[in-house]
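*Asks:* How does the following fold in three dimensions:
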Amino acid sequence: MIYVFYITLFLFIFAHGLYYYNLDSDFFARLIVGKTFFQTASVLNWDFLSYTPTHRFIDHEWGSSLVFYFLQSHFGDWGLLIFKGVIYFATFFLLTKVILLHNKEAKLRFLPFLIIINIIPGILFATVRCQSFSFFFFALWLYTLERVRLENNNRLLWILPATMLVWGNMHGGCAAGIGLLVIYVIGEFLNGKSVKKYVITLILSIAVLFINPYGVEYLKFLFSALTLKRDLIVEWQSAFSPTGLEQQYKFAIFLILCPILFAIYAFKFRQNYKDIDKTKALLLVITYLLAIKSIRLQAFFAFSLLAFCYSDFYKLFSKKLPKSIDEMKEIVLFGIILIFAICAVAITRMQCLAWNFPIMEVEFLKANKVKGNIMCLFQDGSYIAYKLYPNNLIFMDGRYEEVYQDNLVYVEQVINAGHKDWKEYLNIYPADILIVPKEYRFFENLTKDKDEDFLMLMNSPYYALFIRKELADKNFKTPSGKASYYMETKYDTNIDWSVDEN
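*Replies:* Sure, this is the predicted structure:
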């Protein structure tokens, strides 16, 4: 039955990922970095896409960019979607190995995994994000550390600094690995165990972080990024903030239920302080608090809870069923998930979509060769730059903590929120073109503006395009309305370093 479980788990993860088929807001920035590296053998450390002030930057996701660009350029959407399914299945596979380390007799059943995956789908499955590497490496490190701790297999510790060489160049979430090692040092010390091996591994793992294209500056950036305020960024807001409750209400409910479940468990299986696994308790408490603090960090608590508490709560709540009924239940679930996977492939046709971007507005500017600086949402910036460079430069994109001055995110949010001083900010950072989401008050301000500095030339369901009056032309072409056109051309760009401009 273990094979049925793993096949069911893979099919569910793969199919679930297909339903999150819109490309991530920063994905096109990743393609630019990847393309630059493969064509020039260098990593970008300067910005050429924006008209606002920028500085030399550290790209903590440059390694992920290479993987994403390689997959997209060689295998297209199929490669990206299959990669997403495989890396998340590998992540959960490693978590099951941690479960079995704690209880070799544990029966792996699909329902607990179904619950965990369903409360954090947006965090896990948004196509395709650099933090998928951090989730995988976090699970790998958790499995490795547990094998060392429970089996006294100290030789496996070399895996951590070795993989940190990769993780550190893939995503700034490598800080989670350092944090995990710190937890093991403190936890095992409280357990009365020797921590020398963990301390040495921690030092080596930190030392490995210096091996990157930026040297010591990379570590300085990681520290500044960890302490950076991101109150205006949705995924960095608290689980119980208004936005957090709106977007991740299922996980917020789960966070409320967890202390109740632990209280029930503690009451039924009373333990003395000496019997408590301090490492396990510390990991769960810290990741729980981080999950409350930030939506983006919720997956680490979900992973830790699943890996360390699966057997505890399965034992607490599961009913003993006859073997035949128990196995039949898993086979029925497999059948349902198989149908779900087939439907997901048929509906999505294994394609990544860009409908969450201002595709028609961008096509309008491209078709009519309208030049000028573009004010847009930072999450739309990388797509717009990817499609319209060099005719158009953007205000900013999702690389806010890497490239831009600290106040630019605030300025962008103030303008789109319709603050009374929005015109003043536009005068400080003048734009020729505005691509505005219609749900923002900025759209309302522009349509009611008596000065009429800008004329609205497009009004699609979700966005509106405004251009300064002096750029207006009555002979503008209407962009294509065919969905197939946008699917076929979504990766087209004029950014090409292999072309000699002379």
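*Asks:* Leu455 falls within a helix, correct?
*Replies:* No: counting by DSSP: H, G, I helix; E, B strand; the rest coil, Leu455 falls outside a helix, being strand.
*Asks:* does it really touch Leu465, like I thought?
*Replies:* No: Leu455 lies out of contact with Leu465 (Cβ atoms under 8 Å); the separation is 9.5 Å. Where C-beta positions appear, they are placed from N, C-alpha and C, glycine not excepted.
*Asks:* Report how many residues lie close to the spatially closest residue to Leu365 that is not a sequence neighbour.
*Replies:* In this structure, Leu365 finds its nearest non-sequential neighbour in Leu388, 5.9 Å apart by Cβ to Cβ, 6 or more residues apart in numbering. A count of neighbours around Leu388, defined by other Cβ atoms under 10 Å, yields 24.
*Asks:* for the one 4 residues further on, same thing?
*Replies:* Asn392: 23 surrounding residues under other Cβ under 10 Å.
*Asks:* next one: Phe136
*Replies:* 22.
*Asks:* Likewise for the one 3 residues further on?
*Replies:* The number of residues packed around Ala139, counting by other Cβ under 10 Å, is 25.
*Asks:* got it, and Asp312?
*Replies:* Asp312 has 17 nearby residues by other Cβ under 10 Å.
*Asks:* Just the pLDDT for the closest residue to it other than its chain neighbours.
*Replies:* Excluding its sequence neighbours, the residue lying closest to Asp312 (Cβ to Cβ, 6+ apart) is Tyr265, at 6.1 Å. Per-residue pLDDT puts Tyr265 at 70.
*Asks:* what helix or strand does Tyr265 sit in?
*Replies:* Assigned by DSSP states H and E, Tyr265 belongs to helix 249-268.
*Asks:* If you count contacts, what does the helix or strand that comes right after that helix end up packed against?
*Replies:* Counting by DSSP H and E, the next helix or strand C-terminal to helix 249-268 is helix 278-293. Packing partners of helix 278-293 (3 or more Cβ pairs under 8 Å, 6 or more residues apart in numbering; DSSP states H and E): helix 175-190, helix 249-268, helix 298-317.
*Asks:* any residues touching helix 278-293, and which ones?
*Replies:* Residues lying outside helix 278-293 but in contact with it, judged by Cβ atoms under 8 Å, 6 or more residues apart in numbering, are 149, 179-180, 183-184, 186-188, 190-191, 238-240, 251, 255, 258, 297-298, 300-305, 308-309.
*Asks:* mind redoing it with 6 Å?
*Replies:* Residues outside helix 278-293 that contact it (Cβ atoms under 6 Å, 6 or more residues apart in numbering): 183-184, 187-188, 190-191, 239, 297-298, 300-301, 304, 308.
*Asks:* Taking their axis directions, it and helix 249-268 sit at what angle?
*Replies:* 150 degrees (axes from the mean of the first three to the mean of the last three Cα atoms, to 10 degrees).
*Asks:* that older thread, for Leu44, state which of the contacts of helix 278-293 is nearest.
*Replies:* Leu297 (27.5 Å; Cβ to Cβ).
*Asks:* any idea how far the residue lying closest to that closest one once chain neighbours are set aside lies from Phe301?
*Replies:* In space, and not counting its chain neighbours, Leu297 is closest to Leu290: 4.3 Å by Cβ to Cβ, 6+ apart. According to Cβ to Cβ, to the nearest Å, Leu290 stands 7 Å off from Phe301.
*Asks:* Same drill for these two, tell me which one is more crowded.
*Replies:* Higher neighbour count among Leu290 and Phe301: Phe301, with 25 against 18, using other Cβ under 10 Å.
*Asks:* Looking at the contacts of helix 278-293, which is nearest Asp26?
*Replies:* Nearest member of the contacts of helix 278-293 to Asp26, counting by Cβ to Cβ, is Leu297, at 17.8 Å.
*Asks:* any idea how far that closest one is from Gln379?
*Replies:* 19 Å.
*Asks:* So for the helix or strand hosting Leu365, what gets flagged as buried?
*Replies:* If you go by DSSP H and E, Leu365 is part of helix 359-367. Within helix 359-367, the residues that count as buried by 16 or more other Cβ atoms under 10 Å are Ile359, Met360, Glu361, Val362, Glu363, Phe364, Leu365, Lys366.
*Asks:* Stretch 489-502 now?
*Replies:* Lys490, Tyr491, Thr493, Ile495.
*Asks:* how far does it sit from the chain's center?
*Replies:* Taking the mean of its C-alpha atoms, stretch 489-502 sits 27 Å from the chain's own mean (Cα atoms, centre = their mean, to the nearest Å).
*Asks:* and what of stretch 379-388?
*Replies:* 18 Å.
*Asks:* what's the answer for stretch 344-351, then?
*Replies:* For stretch 344-351, the distance to the chain centre is 22 Å (Cα atoms, centre = their mean).
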